[in-house]
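> Just a sequence and a predicted model for now, questions to come.
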There are 2 protein chains.
Amino acid sequence: MPGGVRPQRRASRNSTLLTPGNRPTEDGHPRHGPAPHTPVGATRTPTLRHRPPQAPPAHPSEATLLVMTPSAPTPAYRRLSVEERRSQLLDSALGLFAHRTPEDVSLDDVAEAAGVSRPLVYRYFPGGKQQLYEAALRSAAEELQNCFDEPRDGPLLARLARALDRYLTFVDQHDTGFSALLQGGSVVETSRTTAIVDGVRRAAAEHILRHLDVADPGLHLRMTVRVWITTVEAASLIWLDEGKQPPMPDLRDWLVDQFAAALAVTAARDSQTAALAQKLADDL
Amino acid sequence: MPGGVRPQRRASRNSTLLTPGNRPTEDGHPRHGPAPHTPVGATRTPTLRHRPPQAPPAHPSEATLLVMTPSAPTPAYRRLSVEERRSQLLDSALGLFAHRTPEDVSLDDVAEAAGVSRPLVYRYFPGGKQQLYEAALRSAAEELQNCFDEPRDGPLLARLARALDRYLTFVDQHDTGFSALLQGGSVVETSRTTAIVDGVRRAAAEHILRHLDVADPGLHLRMTVRVWITTVEAASLIWLDEGKQPPMPDLRDWLVDQFAAALAVTAARDSQTAALAQKLADDL
């Protein structure tokens, strides 16, 4: 389900005061300290799960321009930290994977988009495009899971609608990457990428069941929720295929109604689901 | 959606009277004539679309035993025709791919199951496991599409239920292969295998629209039918994942009811679908 990208995220400025120990050379080799793929002086992990608070983002090349401006008293060529460089490369990759199929993105493209050399990309992502793609996918998966965060207040279907709004906005912003990922058959698809996508599906199901206050879902309810999640995925793919028609709010409302209808069908043969369907009806 | 297999199909006996031109040597090389992957004296194509009428199937090894029995006046070691051998190898592969993931099937396994040497498997399928898998998948896709054939008589939802019965029986018989194919991330998954699976989905949608007597489906109806087809796929996968529970007839009825419910949701915002929903209601 994640489509591959976060073009919005940029390397941060928060490492201007670099110690010599974590300042990389221009070819990406750190002068001292651990290898570039081990973050230095930053807590951001490869899965991007625990990103520290950062200053407002700025494009690294802008930062470089700033410190190289003639008005600076001592023009110091500012080098990116290992962590900044990794962020920059990942962001460039994410931007490309969002709107092209993985097959149509080369490491040369990533290097060009980031304004660096191809060997530098390899230095940070020695696994090449596959490693970059998987890192981008993990980042996108995390972003998608954030879409599901919704306060447990107010009518249940309204909460679902808000989560769907965020999800569909993500789909809209990562159209080609989303399609390529979920349609399968891509050269970069592996059991690892499948596991990342399945993790997002599982998280979505858990969120829904938590909002429904169900701790121990039975067979029928489990199947109904899991199938509806694939309904959302399939409808998103078809929506992209249909040139993003119908308009997003219509698609969202249709999906919410499909959820209620699917629950009603299951309610006719399962008492746990019947209780939930009643709750949804009372809730409106 | 196709899971990979047809263990039932066996090489036919209909080539007992082989001419020297199409009798292969034991290592699979034909003595004369075209290469083994070009059917000789048989119209069966690689996609198995136009299989000619054949005598009742028999396991090739039985046939060999028959002609080698001491009661035969002149014991002649009977060799399989190129076409028979190809069928035999494909059947063995199909049987393996049905109940194991592609990763867990080796060419040695196929050779062993067919009782032949590994080089002979390569002789017939020079592309190795990938080629065998794709041939098996094409065969399974054809079988699945046959599931959708249903006379255009009687209530619409009853027709849908009968087609689903056949589809779910296929899923039941090809469980592991079906899951591996649709869950993605397999080493044998390519844009070709994805295209085969998409072809089955497209055929399913066309069948449904034909039964509904819709020549020109609008956006809303198209999406509803296509999404319901993924509902069937997803429910089949979850059904396998849940140890084939609920019982197959319950799953079938649930899917039929989900179809009617999905159509009703769409009918509320689309006049073409509203007319169909009315037709379904009148039909019962």
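On my side now, so go ahead. Every value quoted in this text rests on a predicted model; they were computed, and no experiment measured them.
> give me phi/psi at the residue nearest in space to the middle of chain A?
For chain A, the residue sitting closest to the mean C-alpha position, by Cα atoms, centre = their mean, is residue A:140 at 1.3 Å. The phi/psi pair for residue A:140 (degrees, to the nearest 10) reads phi -70, psi -40.
> My understanding was that it contacts residue A:94; is that so?
Yes - if you go by Cβ atoms under 8 Å, residue A:140 and residue A:94 touch, sitting 7.2 Å apart. Yep, even glycine has a C-beta here, placed from its N, CA and C like the rest.
> residues contacting residue A:195?
Residues in contact with residue A:195 (Cβ atoms under 8 Å, 6 or more residues apart in numbering or on different chains) are residue B:185.
> per-residue pLDDT, residue A:23?
On pLDDT, residue A:23 comes in at 36.
> Poorly predicted segments of the stretch 151-284 of chain A, please.
A:284 (pLDDT under 70).
> Tell me the residues of it that contact chain B?
By the rule Cβ under 8 Å from any Cβ of the partner chain, the part of the stretch 151-284 of chain A lying against chain B is A:183-186, A:189-195, A:197-198, A:219-220, A:222-223, A:226-227, A:230-231, A:233-235, A:238-239, A:242, A:245-246, A:250, A:254, A:257-258, A:261-262, A:264-266, A:268-269.
> Skip ahead from the lengthiest helix in chain A and say which helix or strand is next.
In chain A, taking DSSP state H as the definition, the longest helix is helix A:219-241. Using DSSP states H and E, the next helix or strand after helix A:219-241 towards the C-terminus is helix A:248-267.
> Off-centre distance for the helix or strand following that next one?
Tracing the chain C-terminally past helix A:248-267 and defining elements by DSSP H and E, one meets helix A:271-283 next. Distance of helix A:271-283 from the chain centroid (Cα atoms, centre = their mean, to the nearest Å) equals 33 Å.
> Determine the set of other helices and strands touching helix A:271-283.
helix A:156-173, helix A:219-241, helix A:248-267 (3 or more Cβ pairs under 8 Å, 6 or more residues apart in numbering or on different chains; DSSP states H and E).
> can you redo these as TSV with mean neighbour count and distance to residue B:163?
Shown next, in TSV, are these (neighbours: other Cβ atoms under 10 Å in any protein chain shown; distance: least, Cβ to Cβ, whole Å):
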stretch	mean neighbour count	distance to residue B:163
helix A:156-173	18	31
helix A:219-241	21	19
helix A:248-267	20	19
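> now for these, which one comes closest to residue A:108?
Each of the helices and strands packed on helix A:271-283 has some distance to residue A:108 by Cβ to Cβ; the shortest is helix A:156-173, at 24.5 Å.
> between the following helix or strand past that closest one and helix A:219-241, how big is the angle?
Following helix A:156-173 in sequence order, the next helix or strand is helix A:175-183 (DSSP H and E). Calculated by axes from the mean of the first three to the mean of the last three Cα atoms, to 10 degrees, helix A:175-183 forms an angle of 140 degrees with helix A:219-241.
> Helix A:175-183: how far from the chain's middle?
Here helix A:175-183 is found 13 Å from its chain centre; the criterion is Cα atoms, centre = their mean.
> Next secondary structure after it?
Next helix or strand after helix A:175-183 toward the C-terminus (DSSP H and E): helix A:191-211.
> now the helices and strands packed on helix A:271-283 in TSV, with distance to residue A:205?
Shown next, in TSV, are those (distance: least, Cβ to Cβ, whole Å):
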stretch	distance to residue A:205
helix A:156-173	12
helix A:219-241	5
helix A:248-267	12
